[in-house]
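Peer 1: Just need the structure, nothing else, for what follows:
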Amino acid sequence: MIYDVASLLNLSPEMLPGLQPNHALVWWIDRRRLTLPAEMVQTLLSVEEQQRGDRFKFPADRDRYRTSRAILRLLLSHYLSCPPDHIPFHYSPTGKPSLPLSYHPMGLQFNLSHAGPMSLYGVMMPNRIGVDLEPQRHVSQLHSIIKTQFSPKIAAKFRQLAPDDAPAYFFRLWTVTEAYLKATGQGLAGLATVNLWENAIAPFGSLTPVTGLPQPWSTLLFEMPESTVGAIALEGKVTKVTICNN
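Peer 2: Residues are numbered from 1 along each chain as shown. You can find the predicted model right below:
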């Protein structure tokens, strides 16, 4: 079954532009603005996704997972021109989903993140993309987390910050680093292996190259509602980044 994706996701048609090489398309979706029936959500998911959703203890977590995955399938179905429940996913050892190359010869890449009522999605071809979002909140033992999770160079940078500035920069750094690690498939185990400090302090909305890597990467931080930080990590040449929301 083919769905009217723009209508279901409360997007205008121009918020689903054509996919071009090296053009990153990103959407942040406030799920509170959607009226996706639970029965529809369930039918969009694979058996494995349905089973994984059932394993969440709390109903809010189950609904967040199921709805976020259903939205992902709807967005991908628009660009793959196929029913959303027919899309096959492969998973890396760290759990990163991807499409079989035989299913999309142009190499469509995608990533997703969700927190609270917000979900963030990114697609690009042919290079990898990673996205992350984090609501800013109080973090106890902030400097202890930085010291144990990030590199000594990063920890030294944080010690130079004014105490009132540290929390905001922590969320910028965490978000942009996780977006990169999700793009590469490394997972959080790689936090201490990369130094994205210059990317974390870049202005919001600025596409910033990552230095010190063998392949070209760039990142972009942006502000979302309710004190939430969004981040995008992009591999290779990037001609344009389009961010839309419902």
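
Peer 1: quick one: secondary structure of Pro93?
Peer 2: coil (DSSP: H, G, I helix; E, B strand; the rest coil).

Peer 1: helix, strand or coil for the nearest residue to Leu34 once chain neighbours are set aside?
Peer 2: Distances taken as Cβ to Cβ, 6 or more residues apart in numbering place Asn10 nearest to Leu34, at 6.1 Å, with adjacent residues excluded. The C-beta positions use only the backbone N, C-alpha and C, and glycine is treated the same way. Of the three states, Asn10 takes coil according to three-state DSSP.

Peer 1: for Leu191, same thing?
Peer 2: Reducing the assignment to helix, strand or coil with three-state DSSP, the entry for Leu191 is helix.

Peer 1: Surely it touches Lys182?
Peer 2: No - contact between Leu191 and Lys182 fails when scored by Cβ atoms under 8 Å: they sit 11.8 Å apart.

Peer 1: between these two, which one's more packed in?
Peer 2: Neighbour totals were compared for Leu191 and Lys182, and Lys182 leads with 25 against 18 (other Cβ atoms under 10 Å).

Peer 1: for that one, helix, strand, or coil?
Peer 2: From three-state DSSP, the assignment for Lys182 is helix.

Peer 1: For the residue nearest to it when sequence neighbours are not counted, list each beta-bridge partner.
Peer 2: Sequence neighbours aside, Gly130 is the residue nearest to Lys182 in space, at 3.9 Å (criterion: Cβ to Cβ, 6+ apart). In this structure, Gly130 has beta-bridge partners Ala233, where bridges are defined by DSSP bridges.

Peer 1: Many thanks, we can stop here.
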